[in-house]
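A.B. asks: Provided below for reference: sequence and predicted model.
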Amino acid sequence: MRAFKLGIITDEVSQDLDEVMAFARKYRLDTIEIRSIFDKPAHTLTDAEIERIRERTSAEGIHVCALSAPIFKCDLDNAEELAQQYAIAERCIEVAGKLGATMIRGFSFWAKKPFEEAEPAIVEQLRKMAQLLEANGLLLMLEFDPSVYASNARKTRRLIDQVNAPNLRALYDPGNDLWDPDQEKPFPDGYEYLKGTIAHIHLKDAVRTAEGPEGVAIGRGEVDYEGLFQRLRDDGYDGYLIVETHYRLTSKLTEEQLKRPSGSSFSIGGKEASEECMESLLAMNYFR
């Protein structure tokens with residue numbers, strides 16, 4: 001019996017719902033997380049497309065756990081972009097409600113000045129967004145990313161503590177630490193910073209080279225996944241583990257695709273790389 005509930009982000013497989021569902025059946029996944037499908041991000045799906053997803057996932061017995069939204073991947077000081085983010089959030093709330101998802105992902109704005117200088121304004125916006133989602137019974141999952149102000153787990157925990165909202169939780173992606181400009185160690189350091197706040201986990205792996213990090217199958221890179229999975233089991237983690245492959249076998253994702261993943265150009269070659277990723281993950285003792 002598997003020690004954890006598993007899922008995948010849809011566009012790491014395909015933009016085609018049938019292919020995503022076939023992948024989920026093949027690997028006996030419990031859930032999917034929607035970032036883009038039908039060649040569009042989750043917040044631009046029509047009601048008819050949402051109903052199609054709802055009917056199909058319900059028939060397959062697969063839960064939609066979260067929307068991998070791009071909330072606050074924008075300029076902190078641009079009022080027009082900020083307003084757009086709240087419009088995106090409002091639509092995400094509607095989509096989540098129709099699909100039964102309980103979590104929506106967010107970030108901490110494009111990094112353009114020192115973290116400490118931007119911190120008060122980031123806290124203000126995160127608090128406002130958290131309140132919006134809380135009023136609708138949803139969690140806001142804050143993910144760290146090398147392109148935004150909170151580039152690692154330490155900075156993410158600092159923001160979460162300052163916002164102090166019950167529904168603002170951490171989305172822990174240890175693989176993202178391999179791109180961190182501060183070179184935080186994914187595990188145990190990143191985990192320890194976020195312990196007690198983690199609501200959701202993404203899985204990716206990479207090796208650092210002279211040309212920068214190169215994505216590889218989970219367990220073949222620099223993240224100590226054996227140590228992490230043992231710790232998660234010891235600590236009683238009962239959330240989802242979501243595969244976010246983020247590499248391709250016969251091509252290389254561009255910097256822009258890594259920064260703003262979405263659509264068919266991103267999904268090309270995704271199924272084959274995700275199969276490799278899943279096979280590597282399932283070979284570990286925790287998933288046999």
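C.D. replies: Yes, it's here. Numbers count the residues shown, from 1 in each chain.

A.B. asks: okay, CA-based contacts and neighbour counts for the rest of this
C.D. replies: Will do.

A.B. asks: can you show me the strands along the stretch 51-200 of the chain?
C.D. replies: 63-71, 103-106, 139-143, 168-172, 198-203 (DSSP state E, counting those that start in this stretch).

A.B. asks: turn the ones you listed into a markdown table, columns for mean neighbour count.
C.D. replies: A markdown table is the format used below for these (neighbours: other C-alpha atoms under 10 Å):
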| stretch | mean neighbour count |
| --- | --- |
| strand 63-71 | 23 |
| strand 103-106 | 26 |
| strand 139-143 | 27 |
| strand 168-172 | 27 |
| strand 198-203 | 21 |
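
A.B. asks: and those as TSV, adding distance to S251?
C.D. replies: Shown next, in TSV, are these (distance: least, C-alpha to C-alpha, whole Å):
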stretch	distance to S251
strand 63-71	24
strand 103-106	27
strand 139-143	26
strand 168-172	27
strand 198-203	20
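
A.B. asks: out of these, which is closest to G190?
C.D. replies: The minimum distance between G190 and those falls on strand 168-172, with 8.2 Å, by C-alpha to C-alpha.

A.B. asks: check what pLDDT M1 gets.
C.D. replies: On the pLDDT scale, M1 is placed at 75.

A.B. asks: distance check, the residue nearest to it when sequence neighbours are not counted against R2.
C.D. replies: Leaving aside its chain neighbours, M1 sits nearest to R288 (6.6 Å; criterion: C-alpha to C-alpha, 6 or more residues apart in numbering). The gap separating R288 from R2 is 6 Å, by C-alpha to C-alpha, to the nearest Å.

A.B. asks: related to what we said a few turns ago, can you tell me which of the strands of the stretch 51-200 of the chain is nearest to A89?
C.D. replies: Here strand 63-71 is closest among the strands of the stretch 51-200 of the chain (C-alpha to C-alpha), at 7.0 Å.
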